[in-house]
Structure formats: C-alpha cells, structure tokens
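K.L.:
need coordinates for the following:
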Amino acid sequence: MSDAWIDELERDLGLAARLRLLANCGGQRRAIPMPLHAGRSVLAGEVGVEVAQWLAARFGGSELDIPSHRAQVARDQASALRAAVIEAGLTEAKRSANAIASEHGVTSMWVRKLRAELRAEQRAGRQMPLPLFDRLTRD
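P.N.:
The predicted model follows:
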C-alpha cells in the first residue's frame, strides 16, 4: 500500500494532525477501529478523535502500517531532489550536478546517476511528471 494517504490526511485535517499521528504511531502497524468505535478508541486517545475517525472511515477494521517521521522526511527530500534534476534538464542541463548536490545535501555522483536513470526512464517511454511552468510552443 502506498503512503499517499498520509498526504490526504494532512490535506483534510492539517499538518498538526499528520505530525501527531507520526509522533505517536509512526513506524508501527496499528489496528484501526471501525468508525462506530473510533471516537472512544485507544487510538483516539493517542492521536485525537478527529484523526482516529478519519483513519476509521478509510481503513476501519484493518491493520495499517503507519510510516515513520524519518521515512516521510526522506521521501520528501528524495522527491525534491528528483524534481530539481528534472527541472534542471535531463539532456541539456541548465544547472550543474554540483549545484544541485550542494543544494540537496547529496553528492554530485548521486545527481549524475539519478539524471541518467531519469533519462533511461524517458527513453523507455515511461511517463514522467512534467515541469510546472514548461513553455508551450506552437507552430
């Protein structure tokens, strides 16, 4: 299961709800109560009634692996690095690997390797996210 649900939780309930869940349950597999019992559950006492009810509405009656805070930070950093490499250009780079590496706290070798992997994905025809502000040209 993807951890995209945690971004949805933040969007629906706010950053404080996300951080409270990660601080109290991050890195654990937790039983999620059914919606009828969510408000009076142990989970509600740990993360708040609103968060427990949100989780119950989505995952009630199942077990859920809650990502750790550290894993979330690492995922966000990896996404930011990937976005920076794509934005800098895969074939005709507008920014050097050294500049990107310095900005993101990785080695330039890692940036070059990531750029090569992204180019290979592009050549293989895999869909890549488009830059947000890409100029459209018309003939």
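
K.L.:
give the contact list for the residue nearest to Arg112 when sequence neighbours are not counted.
P.N.:
In space, and not counting its chain neighbours, Arg112 is closest to Ala97: 4.9 Å by CB to CB, 6 or more residues apart in numbering. For the C-beta atoms, the positions are set from N, CA and C on the backbone; glycine is no exception. Residues near Ala97 by CB atoms under 8 Å, 6 or more residues apart in numbering: Ser108, Met109, Val111, Arg112, Arg115.

K.L.:
what sits closest to the third one if chain neighbours are left out?
P.N.:
The shortest distance from Val111 to any non-neighbouring residue, by CB to CB, 6+ apart, is to Ala97 (4.0 Å).

K.L.:
same question for the last one.
P.N.:
For Arg115, the nearest residue in space outside its immediate sequence neighbours is Val85; the separation is 5.3 Å by CB to CB, 6+ apart.

K.L.:
mind listing what's buried in the worst-scoring helix or strand of the chain on mean pLDDT?
P.N.:
Of the helices and strands making up the chain, the lowest-confidence element is helix 69-88, at a mean of 85, by mean pLDDT, DSSP states H and E. Going by neighbour count (16 or more other CB atoms under 10 Å), the buried part of helix 69-88 is Gln72, Leu81, Arg82, Ala84, Val85, Ile86, Ala88.

K.L.:
how about stretch 94-111?
P.N.:
Buried residues in stretch 94-111, counting neighbours by 16+ other CB under 10 Å, are found at Ala97, Ile100, Ala101, His104, Val106, Val111.

K.L.:
may I have that stretch exported as PDB, CA atoms only?
P.N.:
What follows is stretch 94-111, C-alpha atoms only, in PDB (Å, rounded to 0.1, in the frame of the first residue of the first chain):
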ATOM      1  CA  LYS A  94      20.600  24.200 -17.100                       C
ATOM      2  CA  ARG A  95      22.200  23.600 -13.700                       C
ATOM      3  CA  SER A  96      25.300  21.500 -12.800                       C
ATOM      4  CA  ALA A  97      25.200  18.300 -10.800                       C
ATOM      5  CA  ASN A  98      27.500  20.100  -8.300                       C
ATOM      6  CA  ALA A  99      25.000  22.900  -7.700                       C
ATOM      7  CA  ILE A 100      22.000  20.500  -7.300                       C
ATOM      8  CA  ALA A 101      24.100  18.300  -5.000                       C
ATOM      9  CA  SER A 102      25.100  21.200  -2.800                       C
ATOM     10  CA  GLU A 103      21.600  22.400  -2.500                       C
ATOM     11  CA  HIS A 104      20.200  19.000  -1.600                       C
ATOM     12  CA  GLY A 105      23.000  17.600   0.600                       C
ATOM     13  CA  VAL A 106      23.900  14.700  -1.700                       C
ATOM     14  CA  THR A 107      27.000  14.000  -3.900                       C
ATOM     15  CA  SER A 108      27.300  15.200  -7.500                       C
ATOM     16  CA  MET A 109      27.800  11.500  -8.400                       C
ATOM     17  CA  TRP A 110      24.300  10.700  -7.000                       C
ATOM     18  CA  VAL A 111      22.800  13.600  -9.000                       C
END
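
K.L.:
appreciated, that's everything.
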